[in-house]
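Trainee: Mind looking at a prediction? Sequence and model below.
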Amino acid sequence: MPELAEVEFYRKVWDGGIKQKVRAVELHASKRIFRGMDTKALTQALTGSVLVSSATHGKQLLFRFSKNGWLGLHLGMSGRLRIGVPDEEAGRHDHLVLRQARQALIFSDPRQFGRVLFHQGVAPPKWWAALPPQILSEEFTLTRMTRFLSRHARAPLKAVLLTQRGFPGIGNWMADEVLWQAGIAPACLAGKLDAMQTKRLFRAARFVCRGAMRTVGIDFRDPPGGWLYHRRWRRGGICPRDGAALRHAEVGGRTTCWCPSCQKQGF
DNA sequence: TACAATGTTTTAAG
DNA sequence: CCTTAAAACATTGT
């Protein structure tokens, strides 16, 4: 499920536990979300520590704890964060539970495509520091985006937009939304855009991120009215802009929805 | 039953 | 070494 704005929403869910001590850590150590990490070290370090702050970067979540603990989470396809009562019994998919006096912070992920990372140190983990510029930041420039497109010139734009090194936070529905708002077909190759289309893509990427953050990112409400989002799931949907029948097909390895009449192939 | 699901990683091929 | 495409991952729901 979670893309940029959904991740931001879930971050705020756990913020209810800020400034409070973690009394106990419960986790399903053998589950895939803990692959390659030391769950004993995580348990040891977080037990008795205090949740200090949280941040998101694209689809990445980082929770900072006292005693130099840094908990990184990725929600994958089906992950979500929620708050439970302090002694809530962990369900089958509740793979990580941080128990505090007033509530339990719960990470559940049925499909386990998500991931848990843990780092102990004064500085933030290096994988966090190495993340590419966020789309809504100053460092995400037209020049940078253009360079990224040219490096993937022979791939369809849909696939390029899903690449987290270039467009951190963009997922399946946001990629379709960006392309629809830019008026460019998803199968158009990234190297085929002219300067005007490139600029439209850049503006659409930022506009969609901002609009999602101001709606989904606040309280999980739907994205702004008039967006493709509201029509893309049903078969038989029509384009909000010109009323043409929307098309669905697999592009760049993912189910894709677009308007064949107002989204143009490059030349 | 079989397939698809708002995602990444690994593997293989070009 | 770089880019691209496809399969794999685990579970649920249609």
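Mentor: Structure's in. What do you need? Numbering: from 1, shown residues only, chains lettered A, B, ... in the order given.

Trainee: What residue in the stretch 51-200 of chain A comes nearest to DNA strand C?
Mentor: Closest to DNA strand C within the stretch 51-200 of chain A is residue A:152: 3.1 Å, counting by Cβ to the nearest atom of the strand. Quick note: C-beta positions are derived from backbone N, CA and C, even for glycine.

Trainee: Return the distance of that residue relative to DNA strand B.
Mentor: To DNA strand B, residue A:152 is 12 Å away according to Cβ to the nearest atom of the strand, to the nearest Å.

Trainee: Quick check: residues of the stretch 51-200 of chain A near DNA strand B?
Mentor: Residues of the stretch 51-200 of chain A found near DNA strand B (Cβ under 7 Å from any atom of the strand) are A:58-59, A:74, A:76-77, A:111, A:113, A:115, A:162, A:164, A:171-173.

Trainee: Tabulate those residues (a markdown table), appending secondary structure.
Mentor: Converted to a markdown table, these look like this (DSSP: H, G, I helix; E, B strand; the rest coil):
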| residue | secondary structure |
| --- | --- |
| A:58 | coil |
| A:59 | coil |
| A:74 | strand |
| A:76 | coil |
| A:77 | coil |
| A:111 | coil |
| A:113 | coil |
| A:115 | strand |
| A:162 | coil |
| A:164 | coil |
| A:171 | coil |
| A:172 | helix |
| A:173 | helix |
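
Trainee: which stretches of the stretch 1-150 of chain A form strands?
Mentor: Assigned by DSSP state E, counting those that start in this stretch, the stretch 1-150 of chain A shows strands spanning A:24-27, A:51-57, A:60-65, A:69-74, A:80-84, A:94-99, A:104-108, A:115-120.

Trainee: hang on, isn't residue A:217 packed against residue A:10?
Mentor: No: using Cβ atoms under 8 Å, residue A:217 is not in contact with residue A:10, being 9.9 Å away.

Trainee: follow-up on the earlier one: could you redo the strands of the stretch 1-150 of chain A as a markdown table and give each row mean pLDDT, mean neighbour count and distance to residue A:145?
Mentor: Listed next are these as a markdown table, based on pLDDT from 0 to 100; neighbours: other Cβ atoms under 10 Å; distance: least, Cβ to Cβ, whole Å:
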| stretch | mean pLDDT | mean neighbour count | distance to residue A:145 |
| --- | --- | --- | --- |
| strand A:24-27 | 98 | 17 | 39 |
| strand A:51-57 | 98 | 17 | 17 |
| strand A:60-65 | 98 | 21 | 20 |
| strand A:69-74 | 98 | 22 | 23 |
| strand A:80-84 | 97 | 18 | 30 |
| strand A:94-99 | 98 | 23 | 35 |
| strand A:104-108 | 98 | 23 | 32 |
| strand A:115-120 | 98 | 20 | 27 |
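
Trainee: Which residues are in contact with the closest residue to residue A:247 other than its chain neighbours?
Mentor: Residue nearest to residue A:247 in three dimensions, not counting chain neighbours: residue A:260, with 5.2 Å by Cβ to Cβ, 6 or more residues apart in numbering. Each residue near residue A:260 by Cβ atoms under 8 Å, 6 or more residues apart in numbering is listed here: A:185, A:244-245, A:247.

Trainee: Among those residues, which one lies nearest to DNA strand B?
Mentor: Closest to DNA strand B out of those is residue A:247 (13.0 Å), distances taken as Cβ to the nearest atom of the strand.

Trainee: Pretty sure the closest one sits against residue A:258.
Mentor: Yes: contact between residue A:247 and residue A:258 holds when scored by Cβ under 8 Å: they sit 5.9 Å apart.

Trainee: more neighbours, the two?
Mentor: Neighbour tally, residue A:247 and residue A:258, criterion other Cβ atoms under 10 Å: the higher count belongs to residue A:258, 23 against 17.

Trainee: Quick check: the more buried one vs DNA strand B, distance?
Mentor: With distances taken as Cβ to the nearest atom of the strand, residue A:258 is found 14 Å from DNA strand B.

Trainee: Could you pull up the contacting residues of that residue?
Mentor: Residue A:258 neighbours (Cβ under 8 Å, 6+ apart): A:176, A:179-180, A:185-186, A:246-247.

Trainee: Name the nearest residue to the residue in the stretch 101-250 of chain A that DNA strand B sits nearest to, sequence neighbours excluded.
Mentor: Distance from DNA strand B to each residue of the stretch 101-250 of chain A (Cβ to the nearest atom of the strand) is smallest for residue A:171, at 2.2 Å. Nearest residue to residue A:171 in three dimensions, chain neighbours excluded: residue A:3, at 3.4 Å (Cβ to Cβ, 6+ apart).
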